[in-house]
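**Student:** pasting the structure only:
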């Protein structure tokens, strides 16, 4: 406990909403059989459905299945099929099967076993009367697909009302200002509802309608999304929950244009955000992390005079980086970043958080100046968002914001 | 609910352990005043200390302070100081102060107010008899420093016994195999205890001793760490909880050596992991994200014949990428990555997950072949770890593992 980020429960709450299943309590319990049992029994008292994630693995502190079996007064039973799948998986990976791994084939008797193509520990659904416990592996990359492919179909059969959601994504305004602009909409909401939440440097609004058919939900949500888009204007970059990098990728592909990036302070994060988009090789040519001055000169042709006169963190350098990358890569568009991410390196004239983002295109070069607050990681992340937004605005024909 | 990753509670459980404070329950409650109040009252019934994160912000669904005030039968009161700080912060950021932001200066009467240098919403500690509620802002970058700088000193005064922990970090063996190797140590543990947990592609063991003085704890932990290191050998890359990138950075700095990286499938993630280490400009010269074949030829001098004959995803290409980057950058060491991260692009001969990592140094060039499973993100992350481990092993004089 205290060592694994709890991304599972948030994911599940999001996924359960469209089924009309409200999550009342999400509890994290340490690896203590007594407390775990108490928590599970209490949960089954107040809810028909209890979802447990984690504790299915081969290590000694993985107790969940045993506790659920005890709670439902069921014996444990080894699944021949799960045992066979385990042996096959280990042999495919060329790994030795240690005895503790076999525990992963034991389940409360009568459980519906959920195969795990992304890991070794299968999940299971154990029912007792009107109550059910769903046991899932902890690692998000195992849990997420199992939840979508096995649990959702199981739950759909049990559930009536549905919810339909769309996400409006916003870059360039803080959460409180966004909410202030939409105050009347948010206060008068009933169906659909509008829920704001913040990510690093961004705001997302989730607009959700209760419905019987998803088409009906879509029809309820659309006018609200339109109203929000009209009020907030071009700071809305997606009304379908797409990441900023994905929006840029789609625009580039639509215009059959290519992109290259030259990074200093963002140090590979911008390239990485673009490469994260599946199919990025269609538009992304290359990136250069020109961290040292020498690399800026050699790779991008930034002039020594510019570095001497203005320094590497300057509008002039960002400009030459973008132009140099566009020229040497042959890309239609080139983005650049240079700044002081901290914690050291700041001066009075050039404080930590001073960042320049540049964009070169056939119509010339544009540089934006940013003064970001936060730690090294945050400054680098927000630099990436600003660089991407520079590109989005250019591709959309919008006025630049910074 | 369901939209914000719950990193806060895990962080706090980790931080509370050294104070001897056991976290019994961690509960996530939706933004519903009734359920929130019920949860807080129940929590105060069974615990002396309740920590709440989130819900201090300016949006309408931020209810925590009001509910705590009701639970303790205290009125809300506006803090003049917090109000002043809010106005100053908004004016420094050049942002307009909207009326809903002023709610952030309201607290249950008599609370100790915790300044928030990293955000707008201050936290507070509200006591009532022997019970206390600690209210903290939700965003991790605001909560973490407030917890360390304000809450820990408050709690230290209240707590007796302490815990001392060290983290052993391991790359190159799965969690279950690690535990199997240490089965007797883990089963016979009492003081110190050994807790394994897994990150993507890695295993960490946290060794923790209960003690009165930290020196005493350190003396209890040291021999266990030594025993673990001896059994697991050179797959242990840190016994002080340092990241693999940080270990490489320290080794490079000690040897006064420089590094450059040439990435294809990892697409900037490797450069980004290195730039994440503060002070990385001392050793990191540059990175090239040579995503297209053209970039591999032009930037790194990979030969057209190699690309024709073996393709971009090949040991030969990885070799030429590393050699080319070392030569053009002038760095002492150069790492390279090339592979198929998926989801598309795999063939029978070159499946998704096939990755080559290369390392060029004064003693020549080494290439490792990997067959990774998982999605695009995981393949890219594990590629980065393998590349870094190649460098660590070279710098430590260890035999390569892949």
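**Tutor:** Received, thanks. This is a predicted model, so every value here is computed, not measured. Residues are numbered from 1 along each chain as shown, chains lettered A, B, ... in the order given.

**Student:** Residue A:74: neighbour count?
**Tutor:** For residue A:74, the tally of surrounding residues (other C-beta atoms under 10 Å in any protein chain shown) stands at 16. The way it works is simple: take the backbone N, C-alpha and C, and place the C-beta from them, glycine included.

**Student:** Please tell me how far the closest residue to it other than its chain neighbours sits from residue B:119.
**Tutor:** Spatial nearest neighbour of residue A:74, chain neighbours left out: residue A:108 (4.3 Å); criterion: C-beta to C-beta, 6 or more residues apart in numbering or on different chains. Distance check for residue A:108 against residue B:119: by C-beta to C-beta, to the nearest Å, it reads 45 Å.

**Student:** The two: which is more packed in?
**Tutor:** Ranked by neighbour count (other C-beta under 10 Å), residue A:108 and residue B:119 place residue A:108 first, with 25 against 21.

**Student:** So residue A:113 sits against residue A:134, correct?
**Tutor:** No - under the criterion of C-beta atoms under 8 Å, residue A:113 is not in contact with residue A:134, lying 11.9 Å apart.

**Student:** who touches both of those two?
**Tutor:** By the contact definition C-beta atoms under 8 Å, 6 or more residues apart in numbering or on different chains, residue A:113 and residue A:134 are jointly contacted by A:123-124.

**Student:** Partner strands of the helix or strand harbouring residue A:286 and their direction?
**Tutor:** When secondary structure is defined using DSSP states H and E, the element that contains residue A:286 is strand A:284-290. The partner list of strand A:284-290 in its sheet, established with DSSP bridges, is strand A:259-263 (parallel), strand B:284-289 (antiparallel).

**Student:** which one of those is the most hemmed in?
**Tutor:** Comparing the strands paired with strand A:284-290 by mean neighbour count (mean count of other C-beta atoms under 10 Å in any protein chain shown), strand A:259-263 comes out on top with a mean of 31.

**Student:** follow-up on the earlier one: which residues are in contact with the residue nearest to residue A:74?
**Tutor:** With C-beta under 8 Å, 6+ apart, residue A:108 has these contacts: A:65, A:68-69, A:72, A:74-77, A:124, A:126.

**Student:** Considering those residues, which possesses the most neighbours?
**Tutor:** Neighbour count (other C-beta under 10 Å) singles out residue A:68 as the most crowded of the contacts of residue A:108, with 27 neighbours.

**Student:** how far away is the residue nearest to residue A:74 from residue A:57?
**Tutor:** Per C-beta to C-beta, residue A:108 is found 17 Å from residue A:57.

**Student:** Quick check: which ranges of chain A have low pLDDT?
**Tutor:** Scanning chain A for pLDDT under 70 picks out the ranges A:1-15, A:17-33, A:58-62, A:159-161.

**Student:** per-domain residue ranges of it.
**Tutor:** Recorded structural domains for chain A (assignment: automatic domain parsing) are A:7-159, A:162-238, A:245-396.

**Student:** Hmm, residue A:367 is touching residue A:360, no?
**Tutor:** No - with contacts defined as C-beta under 8 Å, residue A:367 does not count as touching residue A:360, sitting 9.7 Å away.

**Student:** residues shared between the contacts of these two?
**Tutor:** With contacts defined as C-beta under 8 Å, 6+ apart, the residues shared by residue A:367 and residue A:360 are A:319, A:322.
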